[in-house]
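# No sequence on hand, only this structure:
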């Protein structure tokens, strides 16, 4: 009886110690390791899934300083999707402000993410570019203004999924450049490259914005 | 309900009036205290970036509500079932037949309608799960199914709580309790008697007291048969 009691107590202690060791608390949305309901699941690919490359020829830019709230990744991770899905709305300090709609020449919106950092410190560098055609004064003014304005960019893939580049505290930076062309067949336009650091290769906007409404804003007569 | 909220949030063409309806129904007291008046001070639908900033505010509050529901779906399902404005009606049912939602009285209209909504959705989720191969997608479907099932159970529990048993059932229940208590007490007494008499039997056997052995054995038989009958009655 005494031996059984000692054995039971020993097993209980081992279980308690292993549970304590398994509790690891990290920052930025990843709460607990091993005790989380999320884990690794198979990455399958269903036959017939559509996978068109590139992005739609329009995007949004939101200056970081113009918003008091923005879509964010959840603090408590309940499912794998929570790690890469930001939800919420951009709340502008001046309610008259809205995301800035930008037209981009078709097939010029590009987005990639590469791995960066040393072992035990790896993350992703999100980067891309788009081209806005023409040499209108307002484009040059826009380029001058965003040249040193951190913000957030929203792009949309052909299937309508919106992605957000930049996050709170780690905004996206834009680097405009201009090419005036040489030959008569060349196109004039400004190329904007953007980049941001992130924990994820891409962050999906779980509360997408109605870009149609911003593109074709109804003006009150 | 969680499904509807998630669909609303993931729809770029979401309508303010629809979201406001969810907010008014599901917001916490603190949220209502801070935001209800302001968010409700509009007529109909507004632009996603209206000049007063209401729509982004509503979206952010709905995100909080969605997180709260996801983290505690059971509590939410019970709370939703209790949201019914109908005064609890005391009803009597003649027998123990299973209750058909379509036959519920008018007092349970809201519960009936919600049950009619939920059941086909659950059937569809079951069918989708059967057709879906990817584990992560099946997990999402399972999550939705569990939430709907919790809500369905909470609604039935709420309905059960509004049904008053008949007088006969109440009397029978009282009688059963009293009888059960009496039987339990008697079984305890019998066990003590049996134990005491077994010790006496042992002593009488050691002393070769045949008269005492005979009497004690007879008593033990009586006590044991009574105890067997009472235990059988309890199990019934």
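Yep, it's here. Every value quoted in this text rests on a predicted model; they were computed, and no experiment measured them.
# What's the mean pLDDT across the longest helix seen in chain B?
For chain B, the longest helix by residue count, based on DSSP state H, is helix B:167-206. Per-residue pLDDT over helix B:167-206 has a mean of 81.
# which other helices and strands contact that helix?
Helices and strands touching helix B:167-206, by 3 or more CB pairs under 8 Å, 6 or more residues apart in numbering or on different chains; DSSP states H and E, are helix B:210-235. Glycine gets a C-beta too; all of them are placed from N, C-alpha and C.
# Just the angle for the helix it packs on relative to helix B:167-206, thanks.
160 degrees (axes from the mean of the first three to the mean of the last three CA atoms, to 10 degrees).
# Spatially nearest residue to residue A:105, not counting backbone neighbours?
residue A:131 (4.7 Å; CB to CB, 6 or more residues apart in numbering or on different chains).
# before we move on, what SS does that neighbour have?
strand (DSSP: H, G, I helix; E, B strand; the rest coil).
# Do a quick rundown of the helices in chain A.
Under DSSP H, chain A gives helices at A:2-22, A:137-146, A:211-215.
# check contacts around the residue nearest to residue B:4 when sequence neighbours are not counted.
Distances taken as CB to CB, 6+ apart put residue B:22 closest to residue B:4, at 7.1 Å, once the chain neighbours are dropped. Residue B:22 makes contact with B:1, B:4, B:5, B:8, B:62, B:65, according to CB atoms under 8 Å, 6 or more residues apart in numbering or on different chains.
# for the chain, which spans come out with low pLDDT?
With no chain named, the answer covers chain A. A:1-2, A:10-38, A:218-221 (pLDDT under 70).
# nope, chain B
B:73-107, B:162-178, B:236.
# near chain A, which residues of it?
B:9-13, B:47-53, B:55-57, B:59-60, B:63, B:66-67, B:70-71, B:133-136, B:139-140, B:143 (CB under 8 Å from any CB of the partner chain).
# hmm, which of those residues are the buried ones?
Taking 16 or more other CB atoms under 10 Å in any protein chain shown as the criterion, what is buried in these is B:9, B:12, B:48-50, B:53, B:55-57, B:59-60, B:63, B:66-67, B:70, B:139-140, B:143.
# Pull the number of nearby residues for the closest residue to residue A:201 other than its chain neighbours.
Nearest residue to residue A:201 in three dimensions, chain neighbours excluded: residue A:113, at 3.9 Å (CB to CB, 6+ apart). Using other CB atoms under 10 Å in any protein chain shown, residue A:113 is surrounded by 19 other residues.
# just residue A:82 next, same as before
The burial count for residue A:82: 20, using other CB under 10 Å.
# What residues sit buried inside stretch A:128-136?
Going by 16+ other CB under 10 Å, stretch A:128-136 has these buried residues: A:128, A:129, A:130, A:131, A:132.
# From the residues you listed, pick the one nearest chain B.
residue A:130 (20.0 Å; CB to the nearest CB).
# Surely the closest one touches residue A:189?
No: Residue A:130 is beyond contact range of residue A:189, at 9.9 Å (criterion: CB atoms under 8 Å).
# tell me, what's touching these two both at once?
residue A:105.
# hey, where'd the strands end up in chain B?
For chain B, strands defined by DSSP state E do not occur.
# Once you drop chain neighbours, what's closest to residue B:132?
Here the residue nearest residue B:132, using CB to CB, 6+ apart, is residue B:138, at 5.0 Å.
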